[in-house]
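1. need the 3D shape of this:
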Amino acid sequence: MKKYFQILALLGVATTLTACGNLKKSDLANNATTTSNTRTKSYQTTNTGKNGYTVLLKNGRYVTSQINGLTATDNDNSVDTRELERGLIQISKKMFSPSSYVFQEGQYLDSSTVTDWLGRKSKSNPDGLNPAAGTKKNYNPYYLEEIIEQNYLQGSNSSYHLGGMSLGLAMNSVDYYQKVKDGPQYQMNISRSTQRAQGEKMAEQIVARLRKKKALKNIPITIGLFSKTSKDSLVGGSYFAYGTAATNSSKITKWNTVSEKTQVLPTVGNAKAINSHDASNFNSFKTAIQNYFPNTSGVTATLRYENGKLAQENISITTQFYGYEQIQSFTQLVLSTAKKYLASDVPIEIKIGSVDNVQALIAKETADSNYQVHIYGGE
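-> Sure thing, here's the model as predicted:
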């Protein structure tokens, strides 16, 4: 129940959470440091689960980044958001081990700065990373849509310091535009090679700018390049490359390729399953629960693959019943059916709900953990 536990742990840190992610006392937990105006700040940490980062809190509160949600255009696809953040954390683990670093959302880029960076370059906005629009015949798309920042800190007791930073650059795979105001909408597809070339160039510019900040001069900075999906896509995008500027360096000397693919089942049209065995298992699961409960109106799955291997499976089940006993019995059926048909060696999340709300959640947080069940409004 990773997502469920994390949300409750991070949003409810001011109270004691008995079953869903308590505040964790660690080297950084419940220590105070004095500021120049004699006020004190209390630092706590909360653990986000096995193999995850410990999150740094201030005065019992989760610290958010100013740049969350800033985009270059209004053509954003909301399904990209989770993958943009999740994928950057996975990349960051390669550089900043969860056993040595604690996590905090980015605190060094402000909204004004990033708004300028996401804009087009012009006389009035020399810091714009996207090119000038060009002409009607030779239109230049918005390549960069969004930037996210994550900070990784080291320390013990009441002392900690910034040990590294990661940035995710969300590159458009499709740009939507109008040739004239209020005119028809056009779209331009952007190839992966162009995304990569533009992303690497922008990453170099960003690192050079960050090095001008005193706090960022001597830390490693990792940048991941993320490919956004079209705005009507049912699946989120994925990272395709990352690189690190070493301490004191403004250059990323090596870019590493990331191999990730995401697919929704059942497939649409003539699309083929990435893995026929996984697709067959899901179809058996889907058929079994629909045969038992005809009032199940929809069953879909989102599968994520890393280097060709299934890494995560999220299933959404839409029901047409609301009675407590129906939900109870259906949830138990889904649990037993999942154990029978779904992969045993990957994290799985199954969300059961009506059109209006979530009714139950069945999940195993890691590949080797047991399923946990939560029925909303239940005992």
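
2. got the residue ranges for the helices in the stretch 51-200 of the chain?
-> Using DSSP state H, counting those that start in this stretch, the helices found in the stretch 51-200 of the chain span residues 79-93, 111-118, 192-210.

3. quick one: low-confidence ranges for the stretch 51-200 of the chain?
-> For the stretch 51-200 of the chain, residues meeting the criterion pLDDT under 70 lie at 157-158.

4. could you rerun that using 80?
-> 51, 59, 75-79, 156-160 (pLDDT under 80).

5. strands of that one, start to end?
-> Listed in chain order, the strands found in the stretch 51-200 of the chain under DSSP state E, counting those that start in this stretch are 54-58, 61-62, 102-105, 144-156, 159-171, 174-178, 185-189.

6. ok, which of the ones you listed comes nearest Glu365?
-> Nearest to Glu365 among those is strand 54-58 (15.9 Å), distances taken as Cβ to Cβ. C-beta coordinates here come from the backbone N, C-alpha and C atoms, glycine included.

7. circling back to that earlier point, now the strands of the stretch 51-200 of the chain as CSV including mean neighbour count and distance to Ala271?
-> Supplementary listing: those in CSV, determined by neighbours: other Cβ atoms under 10 Å; distance: least, Cβ to Cβ, whole Å:
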stretch, mean neighbour count, distance to Ala271
strand 54-58, 20, 38
strand 61-62, 14, 39
strand 102-105, 21, 36
strand 144-156, 21, 25
strand 159-171, 21, 23
strand 174-178, 16, 18
strand 185-189, 11, 18
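
8. tell me where the model's unsure across the stretch 251-379 of the chain.
-> Low-confidence regions of the stretch 251-379 of the chain, defined here as pLDDT under 80, cover residues 269, 292-297, 320-324, 355-356, 377-379.

9. dump the residue contacts of the residue lying closest to Glu306 once chain neighbours are set aside.
-> Take Glu306 and drop its neighbours on the chain: the residue closest to it by Cβ to Cβ, 6 or more residues apart in numbering is Glu260, 5.6 Å away. Applying Cβ atoms under 8 Å, 6 or more residues apart in numbering, one finds that Glu260 lies in contact with 87, 238-240, 304-306.

10. try Tyr142
-> By Cβ under 8 Å, 6+ apart, Tyr142 lies in contact with 72-73, 120, 130, 172, 175.

11. after the helix or strand harbouring Val264 comes which helix or strand?
-> The secondary structure element spanning Val264 is strand 260-265 (assigned by DSSP states H and E). Toward the C-terminal end, the helix or strand that comes next after strand 260-265 (DSSP H and E) is helix 276-292.

12. residues in contact with that following helix?
-> Helix 276-292 is touched from outside by 265-267, 273, 296, 299, 301, 303, 310, 313, 315, 317, 330, 333-334, 337-338, 340-343, with contacts defined as Cβ under 8 Å, 6+ apart.

13. now the residue at minimal distance from the centre of the chain: closest residue in space, sequence neighbours ignored.
-> For the chain, the residue sitting closest to the mean C-alpha position, by Cα atoms, centre = their mean, is Glu85 at 2.6 Å. Once flanking residues are discounted, Glu85 sits nearest to Ile148: 6.4 Å by Cβ to Cβ, 6+ apart.

14. which strand residues bridge that neighbour?
-> The residues paired with Ile148 through beta bridges, assigned by DSSP bridges, are Gly168.

15. show me what contacts it?
-> Under the contact definition (Cβ under 8 Å, 6+ apart), the residues listed for Ile148 are 65, 67-68, 84-85, 88, 106, 167-168, 170.

16. repeat that for 10 Å
-> By Cβ atoms under 10 Å, 6 or more residues apart in numbering, Ile148 lies in contact with 65, 67-70, 81, 84-85, 88, 105-106, 109, 114, 166-170, 224, 226.

17. kindly report the same for Asn370.
-> 339, 364.

18. for it, grab phi and psi.
-> When read as degrees, to the nearest 10, the backbone of Asn370 gives phi -90, psi 150.

19. tell me how far it lies from Thr222.
-> Using Cβ to Cβ, to the nearest Å, Asn370 is found at 34 Å from Thr222.

20. for Gly164, same thing?
-> 7 Å.

21. how about Thr54?
-> For Thr54, the distance to Thr222 - Cβ to Cβ - is 19 Å.

22. likewise for Asn189?
-> On the measure of Cβ to Cβ, Asn189 and Thr222 end up 28 Å apart.

23. pretty sure the residue nearest to the centre of the chain contacts Gly106?
-> No: counting by Cβ atoms under 10 Å, Glu85 sits too far from Gly106 to count as a contact (11.0 Å).

24. joint contacts of these two?
-> 68, 148, 150, 168.

25. make CSV from those and add distance to Ile352 to it.
-> Formatted as CSV, the entries for the shared contacts of Glu85 and Gly106 read as follows, by distance: Cβ to Cβ, whole Å:
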residue, distance to Ile352
Asn68, 29
Ile148, 30
Gln150, 32
Gly168, 31
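
26. nearest to Gly377 among these?
-> Taking Cβ to Cβ as the measure, Asn68 is the one of those closest to Gly377, at 30.5 Å.

27. any idea how many residues pack against the closest one?
-> The local packing of Asn68 (other Cβ atoms under 10 Å) involves 14 other residues.
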